[in-house]
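J.: Provide a 3D model corresponding to the input given below.
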Amino acid sequence: MNEEIMELVSGSVFGVWFLIGAALVFWMQAGFAMVEAGFTRAKNAGNIIMKNLMDFCIGTVMFILIGFSLLLGEDLLGFIGKPGFDIFTAYAEFDFSSFVFNLVFCATTATIVSGAMAERTKFLSYCMYSAVISALIYPIEAHWIWGGGWLSQMGFHDFAGSCAIHMVGGISALIGAKFLGPRIGKFTRDKAGNIVKVNAFPGHNLPIGALGVFILWLGWYGFNGAAATSLEQLGSIFLTTTVAPAVATVVCMIFTWVKYGKPDVSMSLNASLAGLVAITAPCDVTDCAGAVAIGAVAGLLVVFGVWLLDEKLRIDDPVGAVAVHMMNGIWGTFATGLFATTAAPGNDSCTGLFYGGGFGLLGIQCLGILSVAAWTAVTITLTYVVIRAVNGLRVSEEEEILGLDVTEHGLPSAYSGFSIMDVTGSMTMDVNENTDLGAEDYETASQVKRDAAVKVVTMPHEATGMYKVVIIAKLTTYDRLKKAMNELGVTGMTVTQVMGCGIQKGAGEKYRGAELDVTLLPKVKVEIVVSKIPVAHVIEAAKKALYTGHIGDGKIFVYDVAKVVKIRTGEEDLAALQDVE
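T.: Residues are numbered from 1 along each chain as shown. Coordinates of the predicted model:
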């Protein structure tokens, strides 16, 4: 009797956990929205939020109409589930929990595609292919794996969806990004039309992107663990789901630090997700050592994937969706055939190559990867071809430049009240054969080069004995300038931080492996009013302090001051300046 009670309690507890896990997976939609919005530009943030919202809502409608029955309906020849409307005709006997659980997984597949096709896709077209993914593409291949289809009958193992969800979403994203083409300014071409440079488009809000990653990591405990059937199995799944992304992130951080000179923030965030994707298929059948190995490879694979798309395939993926989901979805599914072990709680049938299981499971995993990939590639390609013919896929050049928030949704900005400026791509100015960058030493430079590096502009004026000198220079040279002015006897200055755009480049930093052209650079604007101190002395001291011989050293403007009034005393002109110089 006690055993029956305990079994009943245990079943109820895990039934509740199953639904909590589904809620955690639903919460991952917020994570995807934050990652995608943070990794892209502010002018498209509202569009991205809308797409992630509609992924789930459209997916729910399609899953009710046909997706659920194709996934879990009565098996037909191992290929699809029998279409039906049990949710309407037999609601009392309907499996509510299974519907909700599989629905949230279905929505995840469609969401993955959004990131790679961000910032240039027509919203209506996005809704159309999201509906097709949720109605047909995902349910049918997921039936092969989880619905009693031919792959599950062969012993293919994908516990939580490295193949069924992430690889499918990643392949759809890759093909979609190829159909769309790169964002304007992503690649620089020479006169012959050949790509000579990859331009970085930094995400506008990495803190939001990082928040999204943490939300996803939390949700992944439900993603991987919801289907656990024992406390021991659940604990093991939580362990592997923690270890793999942590190792992936550390490996990625070290690798980018060595390769690019500094640890890459956005790439490390991608690596956390890559480790989670890779461990999703084998999370229930691998041990800690296997999770470490899987995570380490994932951390390197995500960097390779971003490089491959940028430098070789020339495909623009704004958030790294292909590197994270497709490549690591493939790796995680393949790794199941390597690292599966019966030491994992609840696993008594799957043994990988490295644990003495031979090539049997590995061969089945490879077959599953190839068959699901082929199904996805064919069906999503047909989907994009039809949508492109009916409605078009890509927005116009003008709409892309203005941003999809305003052109697709009539939303002036997702950040109302904030001044938002896009400083990527289109504002870049390049060095060419007519550019003279000058010499570096002030003492040896010719007078012509000194004048060219720190230009002096004197405005026409009447002699009043009072002059305003305005100096615009690099922010990094402000301390030298302040010291030079102080030594000259200047005791009062007005200082403003401003931004400047020109031929001068930043420090050649890397963002996701691409060189980062900083086109709006921090400058300092210093205003000085002098009377007793000769203007020529101020100019010469400023030029000497600011000079490096390179474009961007700064400019000096000299204006006549017609009138000065000291508010406190009422003194005017020269008398008003005597205690501020």
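J.: so how far is residue 73 from the closest residue to residue 79 other than its chain neighbours?
T.: Excluding the flanking residues, the one nearest residue 79 by C-beta to C-beta, 6 or more residues apart in numbering is residue 149, at 6.5 Å. All C-beta spots, glycine's among them, are computed from the backbone N, C-alpha and C. According to C-beta to C-beta, to the nearest Å, residue 149 stands 11 Å off from residue 73.
J.: shared neighbours, those two?
T.: Among the neighbours of residue 149, those also in contact with residue 73 (C-beta atoms under 8 Å, 6 or more residues apart in numbering) are residue 80.
J.: Settle it for me: which of the two has more neighbours?
T.: Set residue 149 next to residue 73 and count neighbours by other C-beta atoms under 10 Å: residue 149 wins out with 23 against 19.
J.: What score does the more buried one have for pLDDT?
T.: pLDDT recorded at residue 149 is 96.
J.: Assess the claim that it and residue 143 are in contact.
T.: Yes - Residue 149 is within contact range of residue 143, at 4.6 Å (criterion: C-beta atoms under 8 Å).
J.: Mutual contacts of these two, please.
T.: Counting by C-beta under 8 Å, 6+ apart, the contacts common to residue 149 and residue 143 are 75, 79, 80.
J.: List the contacts of the first one.
T.: Residue 75 makes contact with 81, 82, 143, 147, 148, 149, according to C-beta under 8 Å, 6+ apart.
J.: What does it show for phi and psi?
T.: phi -60, psi 130 (degrees, to the nearest 10).
J.: Quickly note the distance from it to residue 62.
T.: Note on residue 75: its distance to residue 62, by C-beta to C-beta, is 21 Å.
J.: cool, residue 543 as well?
T.: 68 Å.
J.: Among these two, which residue is more densely surrounded?
T.: residue 62 (24 against 21).
J.: ok, the more buried one - contacts?
T.: Shown in contact with residue 62 (C-beta under 8 Å, 6+ apart): 131, 134, 135.
J.: Go through the residues you listed and say which is closest to residue 401.
T.: Residue 401 has its nearest neighbour among the contacts of residue 62 in residue 131, at 28.5 Å by C-beta to C-beta.
J.: The closest one sits in which helix or strand?
T.: helix 123-132 (DSSP states H and E).
J.: Which strands or helices does the top helix by length along the chain pack on?
T.: Scanning the chain for the helix with the most residues, using DSSP state H, yields helix 2-39. The elements that helix 2-39 packs onto, with contact taken as 3 or more C-beta pairs under 8 Å, 6 or more residues apart in numbering; DSSP states H and E, are helix 45-62, helix 96-116, helix 206-225, helix 265-280.
J.: Do me a favour and average the pLDDT over that helix.
T.: Helix 2-39 comes out with an average pLDDT of 85.
J.: any low-confidence regions in the stretch 351-500 of the chain?
T.: For the stretch 351-500 of the chain, the stretches flagged by pLDDT under 70 are 419-464.
J.: Could you rerun that using 50?
T.: In the predicted model, the stretch 351-500 of the chain carries pLDDT under 50 at residues 425-429, 434-435, 461.
J.: re the thing from before, now tabulate the helices and strands packed on helix 2-39 in TSV and tack on distance to residue 404 and mean pLDDT.
T.: TSV is the format used below for those (distance: least, C-beta to C-beta, whole Å; pLDDT from 0 to 100):
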stretch	distance to residue 404	mean pLDDT
helix 45-62	4	96
helix 96-116	12	94
helix 206-225	17	97
helix 265-280	21	97
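J.: How much space separates residue 280 from residue 214?
T.: As judged by C-beta to C-beta, residue 280 and residue 214 stand 18 Å apart.
J.: These two - which one has more neighbours?
T.: The neighbour count for residue 280 versus residue 214, taken as other C-beta under 10 Å, is higher for residue 280 (29 against 13).
J.: secondary structure class for residue 197?
T.: Following DSSP: H, G, I helix; E, B strand; the rest coil, we place residue 197 in the strand state.
J.: now it, nearest residue through space, not along the chain?
T.: In space, residue 197 is closest to residue 188, 4.0 Å off (C-beta to C-beta, 6+ apart).
J.: how many neighbours does the one you found have?
T.: Using other C-beta under 10 Å, residue 188 has 15 other residues around it.
J.: Look up phi and psi at it.
T.: phi -90, psi 130.
J.: Ok, residue 236 next?
T.: Residue torsions, per degrees, to the nearest 10, at residue 236 are phi -70, psi -40.
J.: does it really touch residue 343, like I thought?
T.: No - counting by C-beta under 8 Å, residue 236 stays clear of residue 343, with 9.2 Å between them.
J.: Name the residues contacting each of these two.
T.: Contacts common to residue 236 and residue 343, judged by C-beta under 8 Å, 6+ apart, are residue 287.
J.: neighbour count winner among these two?
T.: residue 236 (25 against 15).
J.: how much space between the residue lying closest to residue 205 once chain neighbours are set aside and residue 172?
T.: Nearest residue to residue 205, sequence neighbours excluded (C-beta to C-beta, 6+ apart): residue 38, at 4.4 Å. Using C-beta to C-beta, residue 38 is found at 22 Å from residue 172.
J.: if you count what's nearby, which of these two comes out ahead?
T.: Shown here are residue 38 and residue 172; by other C-beta under 10 Å, residue 172 has more neighbours (33 against 24).
J.: so what does whatever helix or strand the more buried one lives in touch, helix or strand wise?
T.: Here residue 172, judged by DSSP H and E, is contained in helix 168-180. Helix 168-180 is packed against helix 96-116, helix 321, helix 328-339, helix 360-390, with contacts defined by 3+ C-beta pairs under 8 Å, 6+ apart.
J.: Surely residue 266 is in contact with residue 210?
T.: No - counting by C-beta under 8 Å, residue 266 does not reach residue 210; the two are 9.1 Å apart.
J.: Compare those two (neighbour count), which wins?
T.: Per other C-beta under 10 Å, whichever of residue 266 and residue 210 has more neighbours is residue 266, with 23 against 18.
J.: list the contacts for that one?
T.: Residue 266 sits in contact with 39, 203, 206, 209, 320, 511, 512, where contact means C-beta under 8 Å, 6+ apart.
J.: Return the distance of it relative to residue 547.
T.: 36 Å.
J.: what do you get for residue 17?
T.: On the measure of C-beta to C-beta, residue 17 and residue 547 end up 68 Å apart.
J.: So if I had to pick from those two, which one is more boxed in?
T.: Legend: neighbour count by other C-beta under 10 Å for residue 17 and residue 547, higher for residue 547 (23 against 17).
J.: Which stretches in the stretch 451-581 of the chain count as strands?
T.: Assigned by DSSP state E, counting those that start in this stretch, the stretch 451-581 of the chain shows strands spanning 454-458, 467-474, 494-501, 510-511, 514-515, 520-530, 554-560.
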